[in-house]
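Student: pasting the sequence and the predicted coordinates here, then a few questions.
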Amino acid sequence: MSHLESTLDTLYQRHLELSNKVDWGYHNLLPWERGKNFNEHPWSPNQGTISPELTVAVETAMLTEINLPWFTAGLKAVFAQAPSALKAFVHTWTREEDQHGRILDVYLLLSRNGEPEARDQVRKNVISNGWQNDEGDPFAVMVYTSLQELATRVFYLNLARAAESQDPVLSKILRVIAKDETLHYAFYRDAAKAYIDDDPSRIATVCRIIPQFVMPGFGMPNFRQRLHVIAKYANYGIHAYYQNVLKVVLEFWGVLHYDVSAGTREARRTLDQYLVKLQRLAGRQAPAMD
């Protein structure tokens, strides 16, 4: 077994130990007492427990999470020839992610936030459209998933804070989901770091992937409008992504501290230009100071 494979095995075992400590069941967190038959008690807009804006944010999260079958298929394919720890992690990750979309979907129904018929049609369309992974390199996918998992963690925690005063039950659900995302991020982050330590020339791939990064829900209807609402009412936008996601990952991997070789020069130039642009946009969206 190579040093890289041994490191990945260690990371996977660490994940299993930590995830077992935070394991949860969605049946214990949902407000079942709020449930009513929609045929006998038709839905109306004034029945919800949270604002329309926060409802959009929760719906967007749910519509991303419910594409889990497609995410699993994509990861399983790209990791087919990867070390065994990565293949095993996909199965564990799928098991842990399975509850996220379900608990958010059922919460919205029980609490009557959002119009159920319209959401049902969007949900079916999103699942039907699926998700396509265009990367064949396991390391490139781990760079992407590191960003995606940390971005999701930050989003859920920010949304939980925004929801606290409106519905503490929802806030607790979001914080529990964020714990899963924290552990998923830690695995991918450390696995990617192991690959970089094994071959520093992989920094070129990091520099290539980061400017192309978009969240996996980008194909859903009205995605840009949803992002605008989330940035304004759930405090997760370009500024949060730049400060709490991208800068954190870049620093952990030490990307900007590596010497620029001939093989990475062009990719690094593209990354530097992207960071300058993103920093400027993040500055415009920075929250006002008291």
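Tutor: Thanks, I have it. In this text the structure is predicted, and so the values were computed from the model without any measurement.

Student: spatially nearest residue to Gly101 (excluding sequence neighbours)?
Tutor: Spatial nearest neighbour of Gly101, chain neighbours left out: Glu65 (3.4 Å); criterion: CB to CB, 6 or more residues apart in numbering. Placement of C-beta: from N, CA and C, glycine included.

Student: which ones are touching the one you found?
Tutor: 97, 100-101, 104 (CB atoms under 8 Å, 6 or more residues apart in numbering).

Student: any chance of those in TSV, plus secondary structure and distance to Ala194?
Tutor: Formatted as TSV, the contacts of Glu65 follow (DSSP: H, G, I helix; E, B strand; the rest coil; distance: CB to CB, whole Å):
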residue	secondary structure	distance to Ala194
Glu97	helix	22
His100	helix	26
Gly101	helix	30
Leu104	helix	32
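
Student: and stretch 18-29, which residues are buried?
Tutor: 19, 26, 29 (16 or more other CB atoms under 10 Å).

Student: from these, which shows the smallest pLDDT?
Tutor: Within those, pLDDT reaches its minimum at Tyr26, with 92.

Student: measure it to His100 for me?
Tutor: According to CB to CB, to the nearest Å, Tyr26 stands 9 Å off from His100.

Student: also Asn222?
Tutor: Between Asn222 and His100 the computed distance is 21 Å (CB to CB).

Student: neighbour count for these two, which is higher?
Tutor: Taking neighbours as other CB atoms under 10 Å, Asn222 and His100 compare with His100 leading, 23 against 12.

Student: now the more buried one: how far from Val248?
Tutor: Separation of His100 from Val248 (CB to CB): 22 Å.

Student: and Lys179, by the same measure?
Tutor: 17 Å.

Student: do the same with Arg112
Tutor: Going from Arg112 to Val248 by CB to CB gives 37 Å.

Student: repeat that for Ala82.
Tutor: 25 Å.

Student: the two: which has the busier surroundings?
Tutor: Each of Ala82 and Val248 has its neighbours counted (other CB under 10 Å); Ala82 has more, 20 against 17.

Student: now the phi/psi pair for the more buried one, please.
Tutor: phi -80, psi 170 (degrees, to the nearest 10).

Student: with adjacent residues omitted, what lies nearest to it?
Tutor: Pro138 (4.4 Å).

Student: am I right that that neighbour is in contact with Val78?
Tutor: Yes. With contact defined as CB atoms under 8 Å, Pro138 counts as touching Val78 (5.7 Å).

Student: mind putting the buried residues of stretch 18-29 into a markdown table with secondary structure and distance to Tyr156?
Tutor: Below are these laid out as a markdown table (three-state DSSP; distance: CB to CB, whole Å):
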| residue | secondary structure | distance to Tyr156 |
| --- | --- | --- |
| Ser19 | helix | 16 |
| Tyr26 | helix | 15 |
| Leu29 | coil | 14 |
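
Student: so what's the closest residue in space to Val255 that isn't next to it in sequence up against?
Tutor: Distances taken as CB to CB, 6+ apart place Val206 nearest to Val255, at 5.5 Å, with adjacent residues excluded. Taking CB under 8 Å, 6+ apart, we find Val206 in contact with 143, 192, 196, 253, 255, 271.
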